[in-house]
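# Sequence and predicted model, in that order:
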Amino acid sequence: MAAYVLKNCHFKLGAADTLTTYVRSLTLNVMDDAPESTAMVVTGNVSRTRLPDGIEDWNFDVEMNQDPVEVDAKLWAARGTSTAIEIGPEGATPAAATPVHTGNAILTGFNPVGGAVGDPAIVSAHFEGNGTLARTTS
């Protein structure tokens with residue numbers, strides 16, 4: 001499977017709270033620090049050098065259709081705690097073409113109320129990774 005259309009993104013918050021049917025968009029960001037190690041030189045041009053294997057980090061943003069019972073209540077309960085999460089681009093079954101990512105994350109912000117007259121009620125939430133993000137393909 002090369003390119004595909006994202007239309008069944010899996011999102012699970014906590015042990016049993018699957019919020020997949022509410023997801024409008026989800027972006028998972030994975031970063032690896034490359035600390036600078038540039039040394040001074042006497043003459044000539046200096047190019048920056050970096051060290052591999054810096055600190056890993058990850059976070060994600062999710063936008064969902066608001067539902068007071070299924071979305072708002074579960075996000076509210078996740079505030080201030082490290083919560084297990086599960087994210088997959090195409091359902092919950094891991095495969096080589098559709099890996100599932102799991103880890104623990106902390107909800108650092110969300111908007112329980114927002115929008116204009118006549119617009120659908122939408123909630124956006126931001127989570128920061130807390131520990132390792134695992135990638136499962138089988």
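The structure has been received and is ready for your questions. Numbers count the residues shown, from 1 in each chain.
# Scan the helices and strands of this protein for the one with the lowest mean pLDDT.
strand 17-18 (a mean of 82; mean pLDDT, DSSP states H and E).
# which residues touch that one?
10-12, 74, 92 (C-beta atoms under 8 Å, 6 or more residues apart in numbering). The way it works is simple: take the backbone N, C-alpha and C, and place the C-beta from them, glycine included.
# cool, stretch 100-114 as well?
10, 28, 58-60, 66, 72, 75-76, 78-88, 92-94, 121-136.
# Buried residues, that stretch. List them.
By neighbour count on 16 or more other C-beta atoms under 10 Å, the buried set for stretch 100-114 is 100-103, 105-107, 110.
# Do I have it right that P99 meets T136?
Yes - with contact defined as C-beta atoms under 8 Å, P99 counts as touching T136 (6.3 Å).
# and those two? which has more neighbours close in?
Each of P99 and T136 has its neighbours counted (other C-beta atoms under 10 Å); P99 has more, 16 against 13.
# residues touching the more buried one, list them.
88-89, 135-137.
# Likewise for V30?
Here V30 is in contact with 56-58, 133 (C-beta under 8 Å, 6+ apart).
# Does A116 belong to a helix, a strand or coil?
When classified by DSSP: H, G, I helix; E, B strand; the rest coil, A116 comes out as coil.
# Could you measure from it over to H126?
Using C-beta to C-beta, to the nearest Å, A116 is found at 22 Å from H126.
# Comparing those two, which residue is more hemmed in?
Neighbour comparison, A116 and H126: the larger count goes to H126, with 15 against 5 (by other C-beta under 10 Å).
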